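Novice: I'll drop the sequence and a predicted model, then ask my questions.
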Amino acid sequence: MARTANDTVTKALNNTIPGGGDKGWHIFFHFVGATPGSTDLELMLKRLLKELGVVNDSTMPKDLESSVQLTTAVLSNPNTRPTVIILDAVNQFEEVAAAMNMSWLPGKLAPQVRCVFSMIGETPPHKALKTRSIKPIETSLEPLDEQARQEIVRTMLSKYNKRLDHGQMNSLLSKDSSANPLWLSIACEELRVYGVFEKVSKKIEGLADGLLNLLTQVLERFEEENGGFLLVATLCLLECSNTGLLETELLRILADEDNLMPKDMPHKKKRGKGNSEKLEILPMAKWAVVYRGLRTFLRPFGESGEGRLDFYHRSLSKAVRSKYFLVDEADEDRVEARYNWWHSKLANFFQHVANIDRRVEEYPYQLTKIGDHGRLAECLLDWDVFDHLYNEDYSSQLLAYWRAAGGAEEMETRYKASLKELESKEDVSKETLGLRYLQVSRVMTQGGRHDAAEEMLAPAVRIEREDLGARPERMAQVYELTATIFTEKLKLYDFVSPQQLTELRPAIHNGIKAVELRETLPQDDKNKFKLAKTRMQLAFNMESWQACLLDERQYPAATAFLDKARASQEGNKHIDLAMETFKQLRDHGHLAEAIMTKAILADRGSQVQLELYEEALALCLQTYGENHILTSRLYINIGIYYEDRGQYRDSYKHFKKWYETCLVVFGPDHPKTKRAAGTLEEPLYRRVRQMDERGEL
């Protein structure tokens, strides 16, 4: 696949691939398992979207679900630039549903999007692709023919001035697994290092058939010749690491030789008085023996001592699991205990690692693996860890770890206590304290703890006003977050109701305050984008205010705050300004959403409303394509428009498209898909569907 990617890039650069248009073909390639983090589907999708110019740092999807939805839309959009996607070892992505069922890949690709994937047959991704209505073109990699196998053997051994005679070559190639290039390369390496080359015929006979069997045999030789229990420990530590280990980290862990192996793992270690002096790192002479045996199976990243070590192929990982973890038909409890021992070893080590990047990569992961909820919560309360996991838009990894540590309620309780403790420390500045309250409030909002978010935001507001001079940028953030908290609360209502006025009023009030402050700040692109987003949210809430304020005479206090006429006027003003900003920023996706919001503000059932909806839909389809969440929102809104006018055939057509889009974007079991399906099952639309099936629409 590396050669495939290289040749494709070369052809694209030379403009020798037809159909690229004026821009030419963009080549995206990704080798799963080749580098730390490369097995993370979310990271891969975000890199793809950024390379295609669909998103920037401000508009990046907040989590895996939204990344999948946007990728599906982009790859099915005929306006996406010509793109070839080359992915190697798709089955090695981390086992999340979107990776296993390939939901990020649309059922029908845009004509100018081509995909080349490699994967092991009958793995979940392969099965998922085979069951699609549009079948992929499959090419099975055939076993190596005899001539190719002979060439591989000659080439590998000739580098070391060694060769096999005719009989030895036939003996080696008579093994069924010799048709597997990985098996053959490992076998040649075994023959190369064999000390008595004159007895190589017997060595060939003893080579185990089957890749896993041969690797197990190699591991047994390693134990005998290359460090014994130190080598076993190295393999087990790498297997249980999250993203591989630095060589310096391994040297420090392996230094404690007396406590390096679990009691139930047999190992040949000379028993003596033990180390009279505890060493900080393993002597390089001992490490050299281990590394000499393993180096052909390890993938180093960077320079020696700083680079990260990991298995260069996942088959070795499978062999390590088979030999050292799933041994002797051990029961599940024993296997789990062995894994826990090694994960605990790594957790205890990384708990005290000064390098915060590495601590964040490994420590919470290891604690999750051993189910140590208490230490995991304490880890997440470390502000250095928090800073690495916090994201202003959506702290997906931080929230995921909190789910493992006890859930949202536990997160709320622990952060409240941690903030109170921080407040009591005399050496903590007001700037730091106010920022922490603001950040945690935002995380609470992201995690759906709206009341806690509101409670934690109050001290941030007080500190900013009383101690820090109510700085415009920070106060704008405070008002925006307050507006977002109450807007999120509104989403918990099933229907428009006057009861929503309680949440709408602070949402609107704080949105106005945020806009007023943003207007005073330097108008760089980042501030313009935030201002436009706040205006769009504010305009939507203005429309909701009008819908909830059914009879102004019944709600005099609400009417005094904002009457329906002024809400309409202000809503249109803000959405017009937001649209203008998105046009300036060339943010077509948010512009489509803003035009849709403008349509919602228009007179219900009017021709103007329909024209705005159609304009938004056209721009949305051009930007995202058919399969996007915004497309689904537009279809339902247009369906409602026609339903209000009694044009049920047209409303049925759009509700049907709404359902079909939800089915692709969210899947059949998502509440939004079920809601769309339920609409089509209403008696009126069942009758219209029957007409459609008879061809009468």
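Specialist: Thanks, I have it.

Novice: can we go C-alpha only for contacts and neighbour counts from here?
Specialist: Will do.

Novice: any weak-confidence spans in the protein?
Specialist: Low-confidence segments of the chain (pLDDT under 70): 36, 195-198, 266-278, 300-306, 328-330, 697.

Novice: mind listing what residue 361 touches?
Specialist: Contact analysis of residue 361 by C-alpha atoms under 8 Å, 6 or more residues apart in numbering lists 242-243.

Novice: cool, the one 5 residues further on as well?
Specialist: Contacts of residue 366 were listed using C-alpha under 8 Å, 6+ apart, and they are 241-242, 343-344, 346-347.

Novice: host element of it?
Specialist: Using DSSP states H and E, residue 366 sits in helix 356-370.

Novice: then residue 73?
Specialist: helix 64-75.

Novice: contacting residues around the lengthiest helix in the chain?
Specialist: Scanning the chain for the longest helix, with DSSP state H as the assignment, gives helix 525-548. The contact list for helix 525-548 (C-alpha under 8 Å, 6+ apart) reads 58, 480, 487, 496-501, 504, 507-508, 511-512, 514-515, 518-519, 521, 563-564, 567-568, 570-572, 574-575, 577-579, 581-582, 585, 594, 597, 600-601.

Novice: give the buried residues for the helix holding residue 73.
Specialist: Buried residues in helix 64-75, counting neighbours by 16 or more other C-alpha atoms under 10 Å, are found at 64-75.

Novice: could you do stretch 376-396 as well?
Specialist: For stretch 376-396, by 16+ other C-alpha under 10 Å, it's 376-377, 379-381, 385-386, 389-391, 394-396.

Novice: out of those, list just those in helices.
Specialist: 376-377, 379-381, 385-386, 389, 396.

Novice: relative to residue 410, which of the residues you listed is nearest.
Specialist: residue 377 (8.6 Å; C-alpha to C-alpha).

Novice: mind listing what the closest residue to that closest one other than its chain neighbours touches?
Specialist: Nearest residue to residue 377, sequence neighbours excluded (C-alpha to C-alpha, 6 or more residues apart in numbering): residue 405, at 5.7 Å. Counting by C-alpha under 8 Å, 6+ apart, residue 405 makes contact with 368, 372-374, 376-377.

Novice: could you rerun that using 6 Å?
Specialist: 373, 376-377 (C-alpha atoms under 6 Å, 6 or more residues apart in numbering).

Novice: turn the residues you listed into a markdown table, columns for distance to residue 292.
Specialist: A markdown table is the format used below for the contacts of residue 405 (distance: C-alpha to C-alpha, whole Å):
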| residue | distance to residue 292 |
| --- | --- |
| 373 | 39 |
| 376 | 36 |
| 377 | 40 |
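
Novice: which residues in the stretch 501-650 of the chain form helices?
Specialist: 501-518, 525-548, 556-561, 564-584, 588-601, 607-623, 629-644, 648-665 (DSSP state H, counting those that start in this stretch).

Novice: among those helices, which is nearest residue 162?
Specialist: For residue 162, the closest of the helices of the stretch 501-650 of the chain is helix 648-665, at 57.3 Å, according to C-alpha to C-alpha.

Novice: most tightly packed of the helices of the stretch 501-650 of the chain?
Specialist: Compared across the helices of the stretch 501-650 of the chain, helix 588-601 shows the largest average neighbour count, a mean of 24 (mean count of other C-alpha atoms under 10 Å).

Novice: that helix packs against which elements?
Specialist: Contact here means 3 or more C-alpha pairs under 6 Å, 6 or more residues apart in numbering; DSSP states H and E; on that basis helix 588-601 packs against helix 564-584, helix 607-623.

Novice: chain center to the first one: distance?
Specialist: When you say that, I think you mean helix 564-584. Centroid separation between helix 564-584 and its chain, computed with C-alpha atoms, centre = their mean, to the nearest Å, is 34 Å.

Novice: and that helix, what does it pack onto?
Specialist: If you count contacts as 3+ C-alpha pairs under 6 Å, 6+ apart, helix 564-584 packs onto helix 525-548, helix 588-601.

Novice: just put the ones you listed in a markdown table and tack on distance to residue 643.
Specialist: Formatted as a markdown table, those follow (distance: least, C-alpha to C-alpha, whole Å):
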| stretch | distance to residue 643 |
| --- | --- |
| helix 525-548 | 18 |
| helix 588-601 | 15 |
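
Novice: closest to residue 363 out of those?
Specialist: Residue 363 lies closest to helix 525-548 among these, at 33.9 Å (C-alpha to C-alpha).

Novice: export the closest one to CSV, keeping only CA atoms.
Specialist: Extracted C-alpha coordinates of helix 525-548, given in CSV (Å, rounded to 0.1, in the frame of the first residue of the first chain):
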residue,chain,number,x,y,z
ASP,A,525,-11.5,36.2,11.8
LYS,A,526,-11.7,34.3,15.1
ASN,A,527,-13.7,37.0,16.8
LYS,A,528,-15.9,37.6,13.7
PHE,A,529,-16.7,33.8,13.7
LYS,A,530,-17.6,33.8,17.4
LEU,A,531,-19.7,36.9,17.0
ALA,A,532,-21.6,35.4,14.0
LYS,A,533,-22.2,32.1,15.8
THR,A,534,-23.6,34.0,18.8
ARG,A,535,-25.8,36.2,16.6
MET,A,536,-27.2,33.1,14.9
GLN,A,537,-28.0,31.4,18.2
LEU,A,538,-29.6,34.7,19.4
ALA,A,539,-31.7,35.0,16.3
PHE,A,540,-33.0,31.4,16.7
ASN,A,541,-33.9,32.1,20.4
MET,A,542,-35.7,35.3,19.3
GLU,A,543,-38.0,33.2,17.0
SER,A,544,-38.6,30.7,19.9
TRP,A,545,-39.6,33.7,22.1
GLN,A,546,-42.2,34.7,19.5
ALA,A,547,-43.5,31.2,19.3
CYS,A,548,-43.8,30.8,23.1
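
Novice: quick check: angle from that helix to helix 564-584?
Specialist: Counting by axes from the mean of the first three to the mean of the last three C-alpha atoms, to 10 degrees, helix 525-548 lies at 150 degrees to helix 564-584.

Novice: what segments of this structure are strands?
Specialist: 26-31, 83-88, 113-117, 245-246, 298-301, 308-311 (DSSP state E).

Novice: which of those strands sits most buried?
Specialist: Highest mean neighbour count among those (mean count of other C-alpha under 10 Å): strand 308-311, a mean of 24.

Novice: in its sheet, what does that strand sit against?
Specialist: With DSSP bridges as the test, strand 308-311 is paired with strand 245-246 (antiparallel), strand 298-301 (antiparallel).

Novice: how far does it sit from the chain's center?
Specialist: Using C-alpha atoms, centre = their mean, the offset of strand 308-311 from its chain centre is 22 Å.

Novice: then stretch 132-141?
Specialist: 26 Å.

Novice: residue 283: neighbour count?
Specialist: 13 (other C-alpha atoms under 10 Å).

Novice: buried sites along stretch 233-248?
Specialist: 233-247.

Novice: returning to what we had before: okay, angle between the longest helix of the chain and helix 588-601 too, please.
Specialist: 20 degrees.

Novice: angle of helix 525-548 against helix 501-518?
Specialist: Using the same axes, to 10 degrees: helix 525-548 against helix 501-518 is 150 degrees.

Novice: out of the ones in helices among the buried residues of stretch 376-396, which one sits closest to residue 351?
Specialist: Of these, the one sitting nearest to residue 351 (C-alpha to C-alpha) turns out to be residue 379, at 8.4 Å.

Novice: state the distance from the spatially closest residue to residue 406 that is not a sequence neighbour to residue 489.
Specialist: Once flanking residues are discounted, residue 406 sits nearest to residue 373: 6.8 Å by C-alpha to C-alpha, 6+ apart. Relative to residue 489, residue 373 is positioned 29 Å away (C-alpha to C-alpha, to the nearest Å).

Novice: for residue 522, give its distance to residue 101.
Specialist: From residue 522 to residue 101 the distance is 46 Å (C-alpha to C-alpha).
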